[in-house]
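[1] Fold the stuff below for me.
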Amino acid sequence: MELNTQLHTIFLLVGPTECGKSTFAQETLIPQLQFSEPDKNFHANVQYLSSDAIRQEILGQNHDKYAQIMLEASDQTFELLFKKLDMVTKFPINAEFVVLDTTGLTADFREKVRETAKNNNYHVEVILFDYRDRDDYYASERSKKLISNHVTRLKKEILPNIAREHYHHIHRIRAKNFTDYKVNILNKTSFFDTLLPTNETYTMIGDVHECTSELQSLLHKLGCKIENNKIIHSPHKLILVGDWIDKGKNTREITEFLYENQQYFLFVLGNHENFVHKYILGEIKGANQEIVDNYFDSIPDLVADPELFSKFEQLFQLAQPFYRYIGEETASFYVTHSPCQNKYIGKLDGNSMRHQRNFHLDRTKPVQEQLAFLENEAVNNYPYHIFGHVAAKQAFRIKNKLHLDTGCAHGNELTAVTLKYRKPVYKSVRSENQQLAGELPILFKREQTVQISELDTESLRRLHYISENKINFISGTMSPAPKDLATNNLESLEKRATLFCRKRYFSCRPTTKIYGFALQHLFA
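    Numbers count the residues shown, from 1 in each chain. Model (predicted):
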């Protein structure tokens, strides 16, 4: 028997006590959910949350499951279970699978599981222990009265109603023989395609929009060698964050350049490539023709030239909804085309892929207000989330959120970023291909500040020294002193040292992080 599922799923086991739920989970289900890809530093995170195990954990002893003290710990047990469920299904953990081992007979419990799954964008699939032979429930001699009560509830309360609770799938276990079950993860291969090998360095490039010459100039700046439109060397693997077509009036040039050099590129699927491809194939009906003409102007060129469309088609098939790099010494990162909420990042369900590909801006409202969720969800030590899609005058960074679309087709810039250990290094080139009018917004502009929590040990030591010694001036060099005519020196080192000590100057390297911090904050 086959159990078909997909990544980012919560399995809710539902059945009477002693019916074999734990055995099925630990011996059949979980071993088949485990998979790995060592070259990409990936090992599936399969979480097993058992109410009995949590009771024993918080009680500090392996009590018998029917002991009264275990029952008395129920409130704390389920509070911790739901806290763990929420934590392991949130970014950046995003456990590939979660197995909930409880009886699952309570409607409130199941509803709360569905609510957590909805908040974190997970599927919920029920594994329902609905045995044909009632005797299978009584394989254990223990607590037959409790088992009978549970079976009655299952038959009368749950089986008639569970389909109306709208789970993604209900798998029925019809007999207590688990060896024949085979688990198929339907989107595992697609998931592997989004994972990046760890033996490469990657540079992400913002929305190109057919600015071919600017892309080539940026590649030169990144250390690539190009001869006769062919890349003959690149120090890094190049990831285009999407939207390499439309707006720039160079559909043929960009398509042929990327097609001829595709071995150097990885492609994230942008909303423009997705729309153009579906529109040409007739998969989009009733589109506003004015919007098509104004925003997707590559369509006439691709329709008129089947050979050119064939090249576009091949590049389209290479594109992924996102890429993920799992770092050890170098920072981890995700690349999506669009800014999106954390709960969609790195997932392959249709809803997540749509959000990773497109963010609909209301042009009548301030752009930054619509992107406020980026500030709310940004965390310094999370994997970087790199994206484009929203054209702005300058690339911006909010902690782990890195924006790259700097409006090349607007005549502004084309921008790339490479992660060096934990630090992003930006490079950009000016554009000479202004096809779109209008002023680009400046988003999330901030004054440069330093937090005490960001300082290293040596910088903290220097800051404490400044405070303790009441130093009120910081200089990168020693203070000037009058020339010494007697020794024919422009400055007297002795006088300069005396003046330095008398005025209690403190010399520190100008590059230290505390240089600006102390002036701005310590002596305000």
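
[2] Can you measure across stretch 153-163, start residue to end residue?
    End-to-end span of stretch 153-163 (C-alpha to C-alpha, to the nearest Å): 16 Å.

[3] Not counting its own residues, what contacts it?
    Identification of contacts with stretch 153-163 by C-beta atoms under 8 Å, 6 or more residues apart in numbering yields V14, G15, P16, L105, A107, V126, L128, D130, I170. Where C-beta positions appear, they are placed from N, C-alpha and C, glycine not excepted.

[4] give me that answer again for 6 Å
    Surrounding stretch 153-163, the residues in contact under the criterion C-beta atoms under 6 Å, 6 or more residues apart in numbering are L105.

[5] Could you do stretch 429-447 as well?
    In this structure, residues lying in contact with stretch 429-447 by C-beta under 6 Å, 6+ apart are 211, 214, 217-218, 247-249, 367-368, 391-394, 396, 398, 407-414.

[6] Repeat that for stretch 194-202.
    Residues outside stretch 194-202 that contact it (C-beta under 6 Å, 6+ apart) are D39, K40, N41, F42, H236, K237, I239, Q320, F322, Y323, R324, Y325.

[7] coming back round to it: take the contacts of stretch 429-447 and keep only those in strands.
    Among the contacts of stretch 429-447, the residues falling in strands (DSSP state E) are I398, E413, L414.

[8] between those, which has the most around it?
    Among the ones in strands among the contacts of stretch 429-447, L414 has the most neighbours (other C-beta atoms under 10 Å), with 28 neighbours.

[9] Quick one: residues contacting that residue.
    L414 makes contact with C211, E214, L218, C408, V429 under the criterion C-beta under 6 Å, 6+ apart.

[10] measure it to C211 for me?
    6 Å (C-beta to C-beta, to the nearest Å).

[11] Find residues that contact each of these two.
    Counting by C-beta under 6 Å, 6+ apart, the contacts common to L414 and C211 are C408.

[12] that older thread, closest to I205 among the contacts of L414?
    L218 (6.8 Å; C-beta to C-beta).

[13] Which pLDDT value goes with that closest one?
    As summarised for this prediction, L218 has a pLDDT of 98.

[14] And for L455?
    Among the per-residue scores, L455 shows a pLDDT of 76.

[15] count of residues packed around N149?
    14.

[16] So it: helix, strand or coil?
    Secondary structure state of N149, per DSSP: H, G, I helix; E, B strand; the rest coil, is helix.

[17] can you tell me how far it sits from L100?
    From N149 over to L100 (counting by C-beta to C-beta), the distance is 21 Å.

[18] Same question for T89.
    T89 is 11 Å from L100, where distance means C-beta to C-beta.

[19] returning to what we had before: could you turn the buried ones of the contacts of stretch 429-447 into a PyMOL selection?
    Restricted to buried positions by 16 or more other C-beta atoms under 10 Å, the PyMOL selection for the contacts of stretch 429-447 reads:
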select buried, resi 211+214+217+218+247+248+367+368+391+392+393+394+396+398+407+408+409+410+411+412+413+414
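
[20] Inside helices: which ones of the contacts of stretch 429-447?
    The helices in this structure, assigned by DSSP state H, contain E214, S217, L218, V367, Q368 from those.

[21] any low-confidence regions in the protein?
    447-450, 453-454, 473-524 (pLDDT under 70).

[22] Could I get the contacting residues of F129?
    Listed by C-beta under 6 Å, 6+ apart, the contact set of F129 reads G15, C19, I173.

[23] cutoff 10 Å now
    F129 makes contacts with 13-16, 19-21, 24, 103-104, 136-137, 151, 154, 171-176, as judged by C-beta atoms under 10 Å, 6 or more residues apart in numbering.

[24] All the strands of the stretch 251-400 of the chain, residue numbers only.
    Per DSSP state E, counting those that start in this stretch, the stretch 251-400 of the chain carries strands over the ranges 265-267, 323-325, 333-335, 384-387, 397-398.

[25] And those: which comes nearest I284?
    Distances from I284 to each of these were compared using C-beta to C-beta; the minimum, 20.6 Å, belongs to strand 265-267.

[26] Run the chain-centre distance for the closest one.
    Strand 265-267 has its C-alpha centroid displaced from the chain centroid by 18 Å (C-alpha atoms, centre = their mean, to the nearest Å).

[27] Also stretch 207-217?
    Mean C-alpha position of stretch 207-217 versus that of the full chain (C-alpha atoms, centre = their mean) differs by 26 Å.

[28] May I have the distance across it, first residue to last?
    Here the two ends of stretch 207-217 are set 15 Å apart, with distance taken as C-alpha to C-alpha.

[29] ok, and for it, which residues are buried?
    Judged by neighbour count (16+ other C-beta under 10 Å), stretch 207-217 contains these buried residues: D207, V208, H209, E210, C211, T212, S213, E214, L215, Q216, S217.

[30] mind giving me JSON lines with the contacts of L414 and columns for distance to N469?
    Written out in JSON lines, the entries for these read as follows (distance: C-beta to C-beta, whole Å):
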{"residue": "C211", "distance to N469": "55"}
{"residue": "E214", "distance to N469": "52"}
{"residue": "L218", "distance to N469": "49"}
{"residue": "C408", "distance to N469": "51"}
{"residue": "V429", "distance to N469": "48"}
